[in-house]
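1. Got a predicted structure here, sequence first:
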Amino acid sequence: MYVLGLLGSQRPDGVTAQTLKAVLKGAAKTAKVELINLNDYVILPDQPSQHNSDLDLIENKLLKADVWVLAAPTYLGGLSGVMKNFLDCMRNRIARFNAVGEAVPDRFKNKHYVTVTNCYVGSVENMVTGMTDAAFKTMDKFLTMGGLIKIREIVVTKTFGMSQLSAKKQSECERVGQKAVQRKERDDNTMKRYVELFLMIAVMALITMGIEAGIGQLIPLQNFWAYYGVFVIVFYVLLASILHFFTVVKHRRH
């Protein structure tokens, strides 16, 4: 098992680098690990007649790696320029494109990845504003385009003035690294998703019935259609809220 870490930060010893090294430290207990600082390479877009040699080198390492760990801070509400430049230059290599320009997963399909970011704001503000969401979404879009499978996100908040990663976060990162190397070559979460869907619907139906019982104390719902209509409306609102959470506000924020 080979785990490759990509550091897209301005500082080689900052919080982002410490977080990435902690993940790799956990993985190193049972796997080969390597850290690449993107600042050490001249990463430029491919030209029609010439590939970028540094990008070739990194691409070869990515092909050999079983797990990728991408670490980059959140700057001004978005992904750091160092990592963004790498993703932009690598975009034509992460997948093959068909005749209409659709990305088709190819050489990197079914590899696994972990994403890491951090921000100055506290965990509560990050929970409310989603400061780190854009950074995660940018990395996710690139990686899933290549058919990679996500393992975990790690976020460190309130990093202004922070010089050392906390012992708690260090331990969390090492655990993530240990678990990352235990992933199967391919994931089949079909049964897990069905169970989650069943539990979600069961809980939503229970909450809906409870809310409807409360409404019935205020407004008589003796008519079948009145009872059915209220049930559908309440259930829809709950379903829409949950779907919004899992599709928009699902990233780790603390």
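-> Happy to help now that I have it. Given the structure is predicted, the values throughout are model-derived calculations rather than measurements.

2. Residue 36 looks like it's in a strand, true?
-> Yes: in this structure, residue 36 lies within a strand as judged by DSSP: H, G, I helix; E, B strand; the rest coil.

3. show me what contacts it?
-> Residues counted as contacts of residue 36 (CB atoms under 8 Å, 6 or more residues apart in numbering) are 4-7, 58, 61. Just so you know, the C-beta spots here come from the backbone N, C-alpha and C atoms, and that holds for glycine as well.

4. The same query, at a cut-off of 10 Å, please.
-> Listed by CB atoms under 10 Å, 6 or more residues apart in numbering, the contact set of residue 36 reads 4-8, 57-58, 61-62, 86.

5. among the residues you listed, which two are most distant?
-> Spatial extent of those (CB to CB) is set by the pair 8 and 57 at 16.2 Å.

6. How is this protein divided into domains?
-> 2-180, 190-248 (automatic domain parsing).

7. neighbour count winner among residue 8 and residue 57?
-> Under the criterion of other CB atoms under 10 Å, the comparison of residue 8 against residue 57 puts residue 8 first, with 27 against 12.

8. where does the stretch 151-254 of the chain dip in pLDDT?
-> Per-residue confidence of the stretch 151-254 of the chain (counting by pLDDT under 70) places the weak regions at 183-190, 245-254.

9. can you rerun that using 80?
-> Filtered on pLDDT under 80, the stretch 151-254 of the chain yields the residue ranges 183-193, 196, 221-222, 242-254.

10. Work out for me the element residue 58 sits within.
-> In this structure, residue 58 sits in helix 53-64 according to DSSP states H and E.

11. Report the distance from that helix to the chain centre.
-> 22 Å (CA atoms, centre = their mean, to the nearest Å).

12. just stretch 104-117 next, same as before
-> 11 Å.

13. what does the average pLDDT come to for that stretch?
-> Stretch 104-117 carries an average pLDDT of 95.

14. Kindly check the end-to-end length of that stretch for me.
-> Stretch 104-117 has an end-to-end distance of 27 Å (criterion: CA to CA, to the nearest Å).

15. Same question for stretch 155-174.
-> Start-to-end span of stretch 155-174 (CA to CA) is 14 Å.

16. So which bits of that stretch are buried?
-> 155-157, 159, 165, 169-170, 172-174 (16 or more other CB atoms under 10 Å).

17. which residues touch the closest residue to residue 134 other than its chain neighbours?
-> Nearest residue to residue 134, sequence neighbours excluded (CB to CB, 6 or more residues apart in numbering): residue 78, at 4.9 Å. Contact analysis of residue 78 by CB under 10 Å, 6+ apart lists 84, 131-135, 137-138.
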